[in-house]
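Enquirer: sequence plus predicted model, see below.
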Amino acid sequence: VQLVESGGGLVRTGGSLRLSCVPSVPPSIFSINTMGWYRQAPGKPQRELVAQIDGGGNTNYADSVKGRFTVSRDYGKTTFHLQMNSLKPEDTAVYYCNVGATGSLGEFDLYWGQGTQVTVSS
């Protein structure tokens, strides 16, 4: 599964950005289980989960973004998005889209996009 991200950039505090992720799904993939967004802030060694949506439309958000960010998917397609409102300087990070998928042999794997920079100026 290849993931292509778009939509990052520079925005002022309180502004909005919308990230998009377009997965290319080969025939060897049986199902897409989860679609999500992670971020890695400057100086932080690990990526953190920001938001996730599963095949049933159930969503999960980091406490720090609840009420400000919304993850969604285009039904009938595999494209998904992260709408980010009321952005804060602490949201500055490289954002990665992520897909959890099951292959035709039952194996589960995680796939990652290339990352897109989001910078929020104060």
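Expert: Done, it's in.
Enquirer: verify the contact between residue 88 and residue 13 for me.
Expert: Yes - contact criterion C-beta atoms under 8 Å: residue 88 and residue 13 qualify, at 6.2 Å. Yep, even glycine has a C-beta here, placed from its N, CA and C like the rest.
Enquirer: which parts of this structure are strands?
Expert: 2-6, 9-12, 17-24, 29-40, 48-54, 59-61, 69-73, 80-84, 93-103, 108-112, 116-121 (DSSP state E).
Enquirer: average pLDDT across the second one?
Expert: Read it as strand 9-12. Strand 9-12 shows a mean pLDDT of 98.
Enquirer: swap in the last one?
Expert: Averaging the model's pLDDT scores along strand 116-121 yields 97.
Enquirer: now the angle from it to strand 17-24?
Expert: 180 degrees (axes from the mean of the first three to the mean of the last three C-alpha atoms, to 10 degrees).
Enquirer: for the residue nearest the centre of the chain, give me its contacts.
Expert: Nearest to the geometric centre of the chain sits residue 37, at 2.2 Å (C-alpha atoms, centre = their mean). Contact analysis of residue 37 by C-beta atoms under 8 Å, 6 or more residues apart in numbering lists 19, 21, 49, 50, 51, 52, 71, 82, 95, 96, 97, 98.
Enquirer: one more time with 10 Å
Expert: 5, 19, 21, 47, 49-53, 61-62, 65, 69, 71, 80-82, 84, 95-98, 113, 116 (C-beta atoms under 10 Å, 6 or more residues apart in numbering).
Enquirer: ok, residue 52 next?
Expert: 34-38, 58-62, 71, 80, 98, 100.
Enquirer: isn't residue 84 up against residue 92?
Expert: No - using C-beta atoms under 10 Å, residue 84 is not in contact with residue 92, being 11.4 Å away.
Enquirer: and residue 73, how many neighbours?
Expert: Residues near residue 73, counting by other C-beta atoms under 10 Å, number 18.
Enquirer: identify the bridge partners of it.
Expert: residue 80 (DSSP bridges).
Enquirer: pretty sure it is touching residue 35, no?
Expert: Yes - assessed by C-beta under 10 Å, residue 73 is found in contact with residue 35 at 6.0 Å.
Enquirer: show me the contacts for residue 103.
Expert: By C-beta under 10 Å, 6+ apart, the neighbours of residue 103 are 1, 26, 28, 29, 30, 31, 109.
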